[in-house]
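Enquirer: Sharing a sequence plus its predicted fold:
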Amino acid sequence: MWSCRYSHNVELSPQDMTDTELPPFQACVQAARAHGIMCSYNAVNGTPSCANDAAMNGLLRRGLGFDGYVVSDCNAVAALTWGHRTHASLAEASAAALKAGVDIFCDRTDGLSDAVSAGLISESNLNTAINRTLTMRFLTGQFNPPDTNPWTDLTLKSVNSKTNRDLARQVVQKGIVLLKNTAATGSLQPILPLQKQNLRKLCVLGPLSNSVEHLMGNYYGKFDAAAAATPLKGIQEELAGSGVVVEQAYGMDILGQIHYDWPLESALQVCEGADVGIVVIGSSMIDNDKDPATGSYRPATEGEGLDRVNLALPGRQGDLVKALATRAPGLPLVVVVMHGGGLDIGWIKNLAAVNAIVAVGFPGQEGGRGIADVLFGNVNPSGRLPITWYNSNYTDAVSPLDLSMRPHLQSGHPGRSYRFLHDPSYVLYPFGYGLSYTTFTYSNLKLLSPGEEQCYASGEPPVYCFTVTVTNTGDVAGEHIVPLYMSHLDTAGVHGNPLQSLRAFQRTDLLPPGASQQITMSLTLPDFVMPQESDGRNMLHLGPWRFSVGTWDAPEIPSPSANTGFSYSGFVSSVSNVGFAAKFSAGFGGGLGYSG
């Protein structure tokens, strides 16, 4: 997609615009009070984003009440001339962007002078952008005396405080997703958490096992590399004083398509006599042909301007796993996957030698310590996948340039995400998947009207409240994220309506074995609307809704069904109260309708 990065036109249906693309912006602007928005390189339905008056001045400012500044992505204004070719000169492109609502140009600005000389923009157009920009500078104290601005003297030491490091570690602990956990040969217990008293030697392998830089993803700020913890360092710290030997083979070269096998052979030698092998693999956002310290090859495989052409593990990392599985028989393997998007690791999941798989994203400077906390049971994993992980056949069915959410019968597009895709053959791990070291059950599911029991307003008045009791039925204390999915039974999967949608979620407290907690989640009017196919206008849907709380504690992934797509506990209730409709303000699609 790099070749069309500055010129691609994304065709979005009114429904996709209303219920997929715009809600995050609404949340950021209205709930989080964001003051900065960037317009992108691409066009949407024929209009380049940085020249889209209807989007920036209309929808963003008048529709959502945004009162901050808009900045262009770098070179996006100039790309109106040589990318999209919608404007004949830089002056015309600059004038169009300014009038459409761009306040800061991450771009050449000489076109603005030419636009003024040509009479394409007025002093009022410039003053509008200047006022918005200066307002933000005043609000952030940039003109205050330095001793009154708390951000003037913010040093690396402040950023790297113990409080901040502890928070970073907690984020890793809560975000890690356990994808697989089975017993090693001869054992009755799942391999994780690892029991120190049963270990004599661990081997830690893989190109990402000891690289601080790869923890950070990209677009990261300054951090203390010496204080940061790679997976290897986190494991070494956890096992310090235990007598367990930890040996490591780096093998950064296998991120690329090398034609020599010594990194694989070195890994096999390191694992001789080990009780468990921990293999840290995945994708990379670090774009260096050669590591200046070691000279090893380490190409980037995803990130800005690096759209992946497939979902496979980059380079020869797969060969490392295969070599360990076939040539080190009896060695239990724990695979730690670093990633931005999903990877097709289905063949690794199916290997008997691989007993556990842990997905950690790009976990940041405390990543290694948080990973060790989960591997050794200091923390019970509770994360759930925030996206669907697809099998590789999905990329054969869907063009990366087609961002449609809904399925297309004519083109063969099967749909995207748990909301619209109902063919399990495309799905490796579904949205919301995540295992635990314990088990949880749900009971006492109820739908309450306002005023009943714990159904009260906290912010926007609730229309209904959903309550459920969560019980830890296992032997290990743990937290549990309860997701609430809703599906309108009369229209699910037809007329472009979703099969199901996540409407709320809540994390429990740390529940000891046998303990229970009642969770209450508020549902407001927008939770009962869906955009109509013709114009994207939000319509209130009454009648039968299925309310379900998903659970992935089962050892096998259930096949998605047309109604829910999840293993669930739930019930169907008919919603008939329309008295609250007048409280709902105009939606993205031009207002609120009613469907009985």
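Expert: Received the coordinates, thanks. Numbers count the residues shown, from 1 in each chain.

Enquirer: got a list of what the spatially most central residue of the chain touches?
Expert: The chain has residue 386 as the residue nearest its centroid, 5.0 Å off, counting by C-alpha atoms, centre = their mean. Neighbour list for residue 386: residue 431 [criterion: C-beta atoms under 8 Å, 6 or more residues apart in numbering]. Quick note: C-beta positions are derived from backbone N, CA and C, even for glycine.

Enquirer: where's it, which helix or strand?
Expert: Remark: residue 386 resides in no helix or strand, with elements defined by DSSP states H and E.

Enquirer: Please renumber the chain so that the first residue is 26 from this point on.
Expert: Understood, numbering begins at 26; the last thing we discussed is residue 411.

Enquirer: pLDDT score for residue 614?
Expert: pLDDT, residue 614: 33.

Enquirer: next one: the one 5 residues further on
Expert: Model confidence at residue 619, expressed as pLDDT, equals 36.

Enquirer: same deal with residue 26?
Expert: 47.

Enquirer: With residue 603 instead?
Expert: 36.

Enquirer: so residue 485 touches residue 475, yeah?
Expert: No - with contacts counted by C-beta atoms under 8 Å, residue 485 stays clear of residue 475, the gap being 11.5 Å.

Enquirer: of these two, who's got more company?
Expert: residue 475 (15 against 12; other C-beta atoms under 10 Å).

Enquirer: Report the contact partners of the more buried one.
Expert: By C-beta under 8 Å, 6+ apart, the contact set of residue 475 is 481, 482, 486, 487, 488, 489, 490.

Enquirer: A strand includes it, no?
Expert: No - counting by DSSP: H, G, I helix; E, B strand; the rest coil, residue 475 is not part of a strand but coil.

Enquirer: how far away is it from residue 375?
Expert: Applying C-beta to C-beta, to the nearest Å, the value for residue 475 to residue 375 is 49 Å.

Enquirer: Kindly report the same for residue 550.
Expert: Taken as C-beta to C-beta, the span from residue 550 to residue 375 is 45 Å.

Enquirer: Can you get me the start-to-end distance on stretch 372-382?
Expert: Distance across stretch 372-382, first residue to last, is 12 Å (C-alpha to C-alpha, to the nearest Å).

Enquirer: Buried residues in that stretch, which are they?
Expert: 373, 376, 378, 379, 380, 381, 382 (16 or more other C-beta atoms under 10 Å).

Enquirer: Tell me where the model's unsure across the stretch 426-575 of the chain.
Expert: 482-484 (pLDDT under 70).

Enquirer: Show me the helices in it, by range?
Expert: Ranges of helices in the stretch 426-575 of the chain, per DSSP state H, counting those that start in this stretch, are 442-445.

Enquirer: Next: the stretch 126-275 of the chain.
Expert: Using DSSP H, counting those that start in this stretch, helices in the stretch 126-275 of the chain cover 135-142, 148-164, 181-184, 187-200, 237-240, 256-264.

Enquirer: closest one to residue 435 among those?
Expert: Among the helices of the stretch 126-275 of the chain, helix 187-200 comes nearest to residue 435, with 39.4 Å by C-beta to C-beta.

Enquirer: what is the mean pLDDT for that closest one?
Expert: Mean predicted confidence for helix 187-200 is 96.

Enquirer: residues near residue 553, how many?
Expert: 25.

Enquirer: Same question for residue 35.
Expert: Residues near residue 35, counting by other C-beta under 10 Å: 17.

Enquirer: Kindly report the same for residue 124.
Expert: The burial count for residue 124: 19, using other C-beta under 10 Å.

Enquirer: what residues are up against the closest residue to it other than its chain neighbours?
Expert: Take residue 124 and drop its neighbours on the chain: the residue closest to it by C-beta to C-beta, 6 or more residues apart in numbering is residue 150, 5.9 Å away. The contact partners of residue 150, taken as C-beta under 8 Å, 6+ apart, are 120, 123, 124.

Enquirer: related to what we said a few turns ago, out of the buried residues of stretch 372-382, which is nearest to residue 266?
Expert: Nearest to residue 266 among the buried residues of stretch 372-382, with distances taken as C-beta to C-beta, is residue 381, at 24.6 Å.

Enquirer: so that closest one sits in a strand?
Expert: Yes - Residue 381 sits within a strand when classified using three-state DSSP.

Enquirer: now it: how far from residue 209?
Expert: 9 Å.

Enquirer: Need the overlap of contacts for these two.
Expert: In contact with both residue 381 and residue 209: residue 216, using C-beta under 8 Å, 6+ apart.

Enquirer: okay, the buried residues of stretch 372-382 in TSV with distance to residue 507 and pLDDT next?
Expert: Shown next, in TSV, are the buried residues of stretch 372-382 (distance: C-beta to C-beta, whole Å; pLDDT from 0 to 100):
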residue	distance to residue 507	pLDDT
373	29	97
376	32	96
378	34	95
379	29	97
380	28	97
381	24	98
382	23	98
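
Enquirer: how about the strands in the stretch 226-375 of the chain?
Expert: Under the criterion DSSP state E, counting those that start in this stretch, the stretch 226-375 of the chain contains strands at 226-230, 270-274, 301-307, 313-315, 322-323, 358-363.

Enquirer: so can I have JSON lines of those showing mean neighbour count?
Expert: Formatted as JSON lines, these follow (neighbours: other C-beta atoms under 10 Å):
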{"stretch": "strand 226-230", "mean neighbour count": "26"}
{"stretch": "strand 270-274", "mean neighbour count": "18"}
{"stretch": "strand 301-307", "mean neighbour count": "27"}
{"stretch": "strand 313-315", "mean neighbour count": "11"}
{"stretch": "strand 322-323", "mean neighbour count": "21"}
{"stretch": "strand 358-363", "mean neighbour count": "26"}
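
Enquirer: So which of those strands is nearest residue 30?
Expert: strand 313-315 (21.3 Å).

Enquirer: Tell me how many other residues crowd the residue nearest to residue 161 when sequence neighbours are not counted.
Expert: In this structure, residue 161 finds its nearest non-sequential neighbour in residue 94, 5.4 Å apart by C-beta to C-beta, 6+ apart. Neighbourhood size, residue 94 [other C-beta under 10 Å]: 21.

Enquirer: got a list of what residue 94 touches?
Expert: Residues counted as contacts of residue 94 (C-beta under 8 Å, 6+ apart) are 60, 61, 62, 128, 129, 154, 157, 158, 160, 161.

Enquirer: Quick one, grab the pLDDT at it.
Expert: According to the prediction, residue 94 has pLDDT 98.

Enquirer: So in terms of bridging, what pairs with it?
Expert: On the basis of DSSP bridges, residue 94 is bridged to residue 61.

Enquirer: Of the contacts of residue 94, keep whichever come out buried.
Expert: In those, the ones that pass as buried (16+ other C-beta under 10 Å) are 60, 62, 128, 129, 154, 157, 158, 161.

Enquirer: just checking, the first one touches residue 95?
Expert: Which is residue 60. No - Residue 60 lies out of contact with residue 95 (C-beta under 8 Å); the separation is 10.4 Å.

Enquirer: returning to that earlier point: just flag the most distant two among the buried ones among the contacts of residue 94.
Expert: Longest span within the buried ones among the contacts of residue 94, C-beta to C-beta: 60 and 154, 14.6 Å.
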